[in-house]
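# prediction below, plus the sequence it came from.
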Amino acid sequence: MTISGCGLSVLSLLISIIIYVCLGKLNRIHRNVRINLMFAMLMSYGLYLTSDVTLWEDILEGEEADWVCMGLGIASHLTFLAMTFWMFAECLFVFSNATAFFESDVKLRTYYIIGWGIPSIIVGVTAGALYDRYGGQACWLDTDGGLIWTLVGPAIMVFTVNILLLILSTRTMLIAEKMELRYKDEQKLTFTKASVKSAIFLNPVVGICLACRYLCHADVIFEYQFVVLAGLQGLLTFLFYVVWNPEVKHAWKKGKEDEDDDDWVSTTRVRYPGTTTSVGDSAKPGDMSREQSFAGGSHESRDGQFTRSASQVSFYTLNSPTPDDDVYATFVAGQKIAYKS
């Protein structure tokens, strides 16, 4: 059950990360925030699958297994904290995008400081002073002392702030939409609504999952709950961030359109009827005769028109030295790259 639950989460998160990495048309900051959030989740559940001292005792000898288990405990502490703070970064971005209060002030490096910097400081100080409190049977933190509060304390604070940010974001959007004060761009409103909705659903799932991870040592029932929630979290992340995300669908569609434009290569033969001919953004039938060759085959235009619409073609002024000269021009995605007479 552990392998199936966490394995489903790891697979879902891996697919989501690959899609976000490949989609360059998404908002740069939001794209990086979500990639890092999903990466922290992926590492957390990947480490959980290997966090069993008996597994390492079968591979290593002596104290080596204990040292590896200690390292896994420290790494797990870092990744679960990072997942918590990147969830805060996600909610902060949603809030800043919904209200536009911090839209110009919160830079990408600030999110990296929040997501990786703060957890690294907490874990670095804790592990440096109390490194012997990591490890044990589950390769985790010592839950009998106060060490666990270096994870639980920040998590409680962060998820409380997240709830407040999401409440304010939802309230601001509803007021602005009702009074027609802010969102003149319907597309931006759709994207923002989707971001708020995904954060509202994922925030409690991440929080409950973290609580169950903390309580795993207390009762085996919490371990089963953690495994189920871990699998659910990865699947929900994939659904909300990829499948049901209108911004991802828009970026995918836009990327495909740009790819089609990049693949379009045409060589145009133009016969000018006069000594000087200037062609603008549109062409009329009969203005000039054309012969076109496209990537993947040749095509002859009908009635002197391009197969692609004239609005998709950018023409440049070409001066023909004599009325009968033929000028050959090469266009790539509508842009002239070379011509000869």
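Arrived safely, thanks for sending.

# sort out which residues of the helix ranked longest in the chain are buried, please.
What stands out as the longest helix in the chain, according to DSSP state H, is helix 64-99. Of the residues in helix 64-99, those with enough neighbours to count as buried (16 or more other CB atoms under 10 Å) are 65-66, 68-99. Yep, even glycine has a C-beta here, placed from its N, CA and C like the rest.

# could you list the low-pLDDT ranges of the stretch 151-300 of the chain?
179-185, 217-218, 258-300 (pLDDT under 70).

# what about the strands in it?
Assigned by DSSP state E, counting those that start in this stretch, the stretch 151-300 of the chain shows strands spanning 265-271, 292-294, 297-299.

# run a quick neighbour tally on the closest residue to residue 247 other than its chain neighbours.
Of all residues not flanking residue 247 in the chain, residue 191 sits nearest, at 4.5 Å (CB to CB, 6 or more residues apart in numbering). Burial of residue 191 is recorded as 20 neighbouring residues (other CB atoms under 10 Å).

# now do residue 191 against residue 248, distance only.
With the distance defined as CB to CB, to the nearest Å, residue 191 ends up 10 Å from residue 248.

# likewise for residue 257?
15 Å.

# got a pLDDT number for residue 328?
Note for residue 328: predicted pLDDT of 38.

# likewise for residue 331?
pLDDT, read off for residue 331, is 37.

# rewinding a little: test my guess that the residue nearest to residue 247 contacts residue 249.
No: in this structure, residue 191 is not within contact of residue 249 by CB atoms under 8 Å, at 10.4 Å.

# check the secondary structure at residue 54 for me.
Here residue 54 is recorded as helix under DSSP: H, G, I helix; E, B strand; the rest coil.

# distance of the residue nearest to it when sequence neighbours are not counted relative to residue 38?
Nearest residue to residue 54 in three dimensions, chain neighbours excluded: residue 137, at 7.7 Å (CB to CB, 6+ apart). Using CB to CB, we find residue 137 at a distance of 29 Å from residue 38.

# now do residue 228
19 Å.

# those two - which one has more neighbours?
Between residue 228 and residue 38, counted using other CB under 10 Å, residue 38 has the larger neighbour count: 23 against 15.

# look up how far residue 60 lies from that one.
On the measure of CB to CB, residue 38 and residue 60 end up 31 Å apart.

# what of residue 45?
23 Å.

# of the two, who's got more company?
A direct count of neighbours by other CB under 10 Å for residue 45 and residue 60 places residue 45 higher, at 29 against 14.

# quick check: which element contains that one?
Taking DSSP states H and E as the criterion, residue 45 maps to helix 28-49.

# and that helix, what other elements does it pack with?
The contact analysis (3 or more CB pairs under 8 Å, 6 or more residues apart in numbering; DSSP states H and E) places helix 28-49 against helix 2-22, helix 64-99, helix 108-112, helix 220-238.

# distance to residue 214 added to these, as JSON lines?
As requested, these are exported to JSON lines (distance: least, CB to CB, whole Å):
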{"stretch": "helix 2-22", "distance to residue 214": "17"}
{"stretch": "helix 64-99", "distance to residue 214": "9"}
{"stretch": "helix 108-112", "distance to residue 214": "25"}
{"stretch": "helix 220-238", "distance to residue 214": "8"}
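
# who wins for proximity to residue 124 among those?
Closest approach to residue 124 among the helices and strands packed on helix 28-49 is made by helix 64-99 (8.8 Å; CB to CB).

# same question for the closest one, mean pLDDT?
Computed over helix 64-99, the average pLDDT equals 91.

# tell me what angle that helix forms with helix 220-238.
Taking axes from the mean of the first three to the mean of the last three CA atoms, to 10 degrees, one finds helix 64-99 and helix 220-238 inclined to each other by 50 degrees.
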